[in-house]
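Student: Provided below are the primary sequence and the corresponding predicted coordinates.
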Amino acid sequence: MSEPLPDERKVFLPVVQREGSEVAPTPTPPPPSSQRVAIDPITRIEGHLRIEVQIDNGRVVDAWSAGMMFRGIELLLPGRDPRDAWVFTQRICGV
Amino acid sequence: MSNRTPRLQERLTQHGVTRRQFLKFCGVMTATLALPAHYTGRIAKALLANPRPPVIWLEFQDCTGDTESFLRANQPGVDELLLDILSLDYHETIMAPAGDMTEVSLSETMTNFPGQYICVVEGSIPTAAGGIHCMIRGRTALSIAQEVCGNALATIALGTCAWDGGLAAALPNPTGAVGVRSAVPGLSTLISLPGCPANVVNLTATLVHFLTFNDWPATDSSGRPHFAYGEEIHEECERHDHYEEERFVLEWGDYGHRNGWCLFQMGCKGPETHHNCPTVKWNDGTCWPIAAGHGCVGCAESRFWDRMSPFYVPLDDD
C-alpha cells in the first residue's frame, strides 16, 4: 500500500515489548517516525488472535492479523466414520 | 483477599436470589460432593465468608467450551462467582485489557499472591515443533503453563483437552497436543475435570469443597475427583431398566426412540464412561444427552475421540 488509509483518527498504542522485558508497558504518544505495534492477545474473543499495525505519524497505514493457535482438525477427520464428522466439527468452537 | 461478609448476601438479594435458593444451591453442592446433608450449613457459611481466592484462567488449544459451561453457572450465577466468591483476575475471553496490558493482570496476581492463586487451564498444550502451535504474547503455551501452573496453589485442568490432550490429540495428533499433567509434570496439586465440555457443576463443587474444607476433593490415579467420576453413566442411567429388559432403540425416530428406550444399539458409550451426567445433568439440571435421546459419546474418558468412536457403532455386548 502506497497511500495512507483514509482514517483521520490519531493512534496511541503501547510499544511492542520484547519477551523478558521487566518494564510494564504504558501508553505513550507515538514518536513521529514509522513504527509497527502488536496487540496480542486480542481478548473478549474465542481463539488466539494477534493484530499488528504499521503506524506512520499517528495514522494506521497497514495492518496484519494472525491466528496464533492451530489444532489441525481437517487432518483428524480423514479415515473416520463419516457419521462422526459432526462431533469433531462441533468442537471447532464452543461458543 | 477481601473478607467483606455482607457483600455476597447483598448481591444475591439484588439478583433476586433468595436465601432459600442460595441454601438450595448449597444443598446441591453437598449432594454433588457426596457429603451427608448436614454439611450444607457449613458450605453456606464458608461461601458467605467471602474468601475470594484469586483465579488465573488460561486457555490454550481450546474451543472455549469449558468457559461457556462456566458462564452457564446459575444460583449463584456467574457474576456472583466471578466477583464475590472468586476473584477472576485473568481470563482472555472476558477480561477488559487487551494486548500487552493483559500481561499486567497476569503478573500482578502472580507477584501479589505467589503460591496462593488457583490456576484453571482450558484446552490442550501443543509440544510439537517447540510448542509453536499455540502462542500468546509471543510465548508458547507450554512456557506459560509451566510458569503459571508451577507457581499456583493448585491447578484445575478443566475439560478433556486439558486432561489428556482431547480433540487436538486425536490421531494423528499433528501438533503433539498433551494435557496439563504431561506438559507440566510434578505439580503438587492438579485436579482434572474432564468432559467435553466439563460440567460447571463439577467445577463449582470442586471450588466449593476447597473453600469449605481448605482441601481438595479426593481424586483417582488420573487426578479426577471421585465425587464426579466414580460412577459409570450406565449404572445411574434412567434408562437402565430398558437396557436390562432389552428394549433398544434401533432406528432414530422409531417407537423405542419416541418412548425413551435404551440407546445402546445406537452406539451409547455409557457402560464405559465415568461421569455424573445422569445425576447433576446439564443446562441448570434440566437435561442431559441420553434424556434428550442421543447416546453418550464417552466425552470424559481418556482418548475418547479414538477409543469411543465410531460413536454410532455399539459397544461389544459383554
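Tutor: Yep, it's here.

Student: can you count the residues close to the residue nearest to B:Ile233 when sequence neighbours are not counted?
Tutor: Excluding the flanking residues, the one nearest B:Ile233 by Cβ to Cβ, 6 or more residues apart in numbering or on different chains is B:Gly270, at 3.9 Å. To be clear about C-beta, it is placed using only N, CA and C from the backbone, and glycine gets the same treatment. For B:Gly270, the count of nearby residues is 27 (other Cβ atoms under 10 Å in any protein chain shown).

Student: pretty sure B:Gly270 contacts B:His294?
Tutor: No: applying Cβ atoms under 8 Å as the test, B:Gly270 and B:His294 come out as separate, 11.2 Å apart.

Student: can you list residues touching both of these two?
Tutor: B:Leu263 (Cβ atoms under 8 Å, 6 or more residues apart in numbering or on different chains).

Student: Tell me which stretches of chain A form strands.
Tutor: Using DSSP state E, the strands of chain A run over residues A:35-39, A:49-56, A:59-67.

Student: And those strands: which comes nearest B:Thr32?
Tutor: Among the strands of chain A, the nearest to B:Thr32 by Cβ to Cβ is strand A:49-56 (36.1 Å).

Student: which residues are contacting the closest one?
Tutor: A:4, A:11, A:13, A:30, A:34-42, A:60-68, B:135.

Student: From these, keep the buried residues only.
Tutor: Buried subset of the contacts of strand A:49-56 (neighbour count, 16 or more other Cβ atoms under 10 Å in any protein chain shown): A:13, A:30, A:37-42, A:60-61, A:68, B:135.

Student: would you list the residues you listed in CSV and tack on pLDDT and distance to B:Gln61?
Tutor: CSV is the format used below for the buried ones among the contacts of strand A:49-56 (pLDDT from 0 to 100; distance: Cβ to Cβ, whole Å):
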residue, pLDDT, distance to B:Gln61
A:Leu13, 55, 28
A:Pro30, 57, 35
A:Val37, 93, 26
A:Ala38, 95, 21
A:Ile39, 96, 21
A:Asp40, 95, 17
A:Pro41, 96, 14
A:Ile42, 97, 17
A:Val60, 93, 31
A:Val61, 95, 34
A:Met68, 97, 11
B:Met135, 97, 11
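
Student: So which bits of chain A are right by chain B?
Tutor: A:13-14, A:16-17, A:19, A:24-25, A:38-48, A:50, A:68-73, A:75-76, A:80-81, A:83-84, A:87-88, A:91-95 (Cβ under 8 Å from any Cβ of the partner chain).

Student: buried residues in stretch B:86-94?
Tutor: By neighbour count on 16+ other Cβ under 10 Å, the buried set for stretch B:86-94 is B:86-93.

Student: Kindly report the same for stretch B:164-172.
Tutor: Buried, per 16+ other Cβ under 10 Å, within stretch B:164-172: B:164-170.

Student: Right, and chain B sits closest to which residue of chain A?
Tutor: Here chain A gets closest to chain B at one residue, A:Gly94, 2.5 Å apart by Cβ to the nearest Cβ.

Student: list the contacts for that residue?
Tutor: Under the criterion of Cβ under 8 Å, 6+ apart, the contact partners of A:Gly94 comprise A:46, B:62-68, B:197.

Student: From the residues you listed, which land in helices?
Tutor: Applying DSSP state H to those, the entries found in helices are B:65-68.
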